[in-house]
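Student: have a look at this fold, sequence not included:
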């Protein structure tokens, strides 16, 4: 009896709990219904810009001298004096004396050669006189001869070989004197052009030998930059293969940019030539940029420099911007807008995508130059989407959720 009572009590409790739960559910307020937002991807975009005119060709390289020579004396001897400017980093002018070699030995050689020349001149006069006397004697003898015909006189009779030997000795003496004077003039070593001293290793009192390299100079009037370009970039330089070294009549303009401290500086140059071979390692074309007057101060890109404007230093690594061919209907877009397969995903006015094939002419750091069915000011997708199809709907910054 007790079990039945307990069982019935449990049933009553469960039933009451269920009834109470149903009552509470029925009294609860209805949840507010909300329409789910559309599943349209949000994308980042950039803008298409019309870019008629020259397509820039970008590259980089190291500044090197346009001309550089080793300094070596042509005669030997003791160094008598050295120009204070003939030191590493010093600037010299064309014809300026770099150092001098003691000249006493060479003066003596000039005097010896002058004495030999004087003796040869006397010997020449004697030979001429004797030749004239021999000719006159033969003529006088021929007048006294009656009847028998005389044979033609021999060269020795007229002393012609002796005269020729005297003439040769005179020319040899003149050449020795010219050689001695030339050697004397070479005791003064001068700069062949305006330039800077890269290195020197000569001091007063030092003994130098002919041909001994004692320093090097590089020219101050121009510098060169060797820029390795892929053939696709080299093809954008107008008339590249018609350019001739040193001929600046048809210049292709170049901007040379170097970093100095925390600022950038610019120099103007031009394409001088292209080397007629492809690098076997990189398969690139070497283009030579020439910068006139590189040691004048560069122009700052962003305001004046605190420490003054520097020159374009030899050995400095620089960026170059070459003025390429001019083309119509070309556009500049963010580089991030380029998709695989040379495509651009353009966003139409209704927020739909158009897949536009493009031809890429140039890639810069953040931009690309292309042709295709684009419009100036048109948005192009730069991020936020992994794949796209024509007509696909997207949201942009200009069209938020």
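Tutor: Cool, got the structure. Since the structure is predicted, the reported quantities are computational estimates derived from the model, not experimental observations.
Student: could you pull out the strands for the stretch 151-300 of the chain?
Tutor: 188-190, 195-200, 207-208, 215-219, 222-229, 253-260, 263-278, 285-292, 299-300 (DSSP state E, counting those that start in this stretch).
Student: repeat for the stretch 1-150 of the chain
Tutor: 44-47, 49-50, 53-65, 68-71, 77-82, 91-92, 97-101.
Student: and the fourth one, what does it pack against?
Tutor: In terms of contacts (3 or more C-beta pairs under 8 Å, 6 or more residues apart in numbering; DSSP states H and E), strand 68-71 is packed against strand 215-219. Just so you know, the C-beta spots here come from the backbone N, C-alpha and C atoms, and that holds for glycine as well.
Student: ditto for the third one
Tutor: Taking 3+ C-beta pairs under 8 Å, 6+ apart as the contact definition, the neighbouring helices and strands of strand 53-65 are strand 222-229, helix 231-234, strand 285-292, strand 317-327, strand 353-363.
Student: again, 6 Å this time
Tutor: strand 222-229, strand 317-327 (3 or more C-beta pairs under 6 Å, 6 or more residues apart in numbering; DSSP states H and E).
Student: what bridges to the residue nearest the centre of the chain?
Tutor: In the chain, the centroid-proximal residue (C-alpha atoms, centre = their mean) is residue 225; its distance is 0.9 Å. Beta bridges link residue 225 to residue 63, residue 289, judged by DSSP bridges.
Student: for residue 253, same thing?
Tutor: residue 270.
Student: same question for the one 5 residues further on.
Tutor: Beta bridges link residue 258 to residue 265, judged by DSSP bridges.
Student: picking that back up, as a markdown table, the helices and strands packed on strand 53-65 with distance to residue 115 would be great.
Tutor: Listed next are those as a markdown table, based on distance: least, C-beta to C-beta, whole Å:
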| stretch | distance to residue 115 |
| --- | --- |
| strand 222-229 | 49 |
| strand 317-327 | 61 |
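Student: would you single out the least confident of these?
Tutor: Here the helices and strands packed on strand 53-65 differ in mean pLDDT, and the lowest is strand 317-327 at a mean of 91.
Student: thinking again about what came up before, JSON lines for the strands of the stretch 151-300 of the chain, including distance to residue 245?
Tutor: Below are these laid out as JSON lines (distance: least, C-beta to C-beta, whole Å):
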{"stretch": "strand 188-190", "distance to residue 245": "27"}
{"stretch": "strand 195-200", "distance to residue 245": "19"}
{"stretch": "strand 207-208", "distance to residue 245": "34"}
{"stretch": "strand 215-219", "distance to residue 245": "15"}
{"stretch": "strand 222-229", "distance to residue 245": "10"}
{"stretch": "strand 253-260", "distance to residue 245": "15"}
{"stretch": "strand 263-278", "distance to residue 245": "4"}
{"stretch": "strand 285-292", "distance to residue 245": "8"}
{"stretch": "strand 299-300", "distance to residue 245": "27"}
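Student: give the contact list for residue 355.
Tutor: Residue 355 sits next to 343, 390 when contact means C-beta atoms under 6 Å, 6 or more residues apart in numbering.
Student: quick check on the closest residue in space to residue 212 that isn't next to it in sequence: phi, psi?
Tutor: Nearest residue to residue 212, sequence neighbours excluded (C-beta to C-beta, 6 or more residues apart in numbering): residue 72, at 5.7 Å. When read as degrees, to the nearest 10, the backbone of residue 72 gives phi -140, psi 130.
Student: residue 72 reaches residue 213, doesn't it?
Tutor: Yes: between residue 72 and residue 213 there is a contact under C-beta atoms under 6 Å: 4.8 Å.
Student: returning to that earlier point: which of the helices and strands packed on strand 53-65 sits most buried?
Tutor: Mean neighbours per residue, mean count of other C-beta atoms under 10 Å, is largest over the helices and strands packed on strand 53-65 for strand 222-229, with a mean of 22.
Student: go ahead and name everything in contact with stretch 359-373.
Tutor: Contact partners of stretch 359-373, identified using C-beta under 6 Å, 6+ apart, comprise 55, 58, 329-333, 335, 338, 342, 356, 358.
Student: ok, and the most crowded of the residues you listed?
Tutor: residue 333 (25 neighbours; other C-beta atoms under 10 Å).
Student: is it in a bridge, and if so with what?
Tutor: According to DSSP bridges, beta-bridge pairing links residue 333 with residue 368.
Student: looks like it contacts residue 48 (just checking).
Tutor: Yes: between residue 333 and residue 48 there is a contact under C-beta under 6 Å: 5.5 Å.
Student: between the two, which contacts overlap?
Tutor: residue 380.
Student: biggest helix in this structure by residues?
Tutor: Using DSSP state H, we find that the single longest helix of the chain is helix 104-144.
Student: which strands and helices sit next to that helix?
Tutor: helix 160-185.
Student: and residue 274, what does it touch?
Tutor: 240, 285, 287.
Student: switch those residues over to TSV; also include distance to residue 373.
Tutor: Shown next, in TSV, are those (distance: C-beta to C-beta, whole Å):
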residue	distance to residue 373
240	30
285	32
287	33
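Student: picking that back up, the longest helix of the chain to strand 77-82, inter-axis angle?
Tutor: Computed with axes from the mean of the first three to the mean of the last three C-alpha atoms, to 10 degrees, the direction of helix 104-144 lies at 120 degrees from that of strand 77-82.
Student: average model confidence for helix 104-144?
Tutor: On average, helix 104-144 scores 85.
Student: work out the gap between it and the centre of the chain.
Tutor: Centroid separation for helix 104-144 versus its chain: 62 Å, with C-alpha atoms, centre = their mean, to the nearest Å.
Student: quick one: low-confidence ranges for this structure?
Tutor: Within the chain, the segments meeting pLDDT under 70 span 1-10, 12, 14-16, 18-21, 23-38, 141-151, 153-158, 305-307, 399-401.
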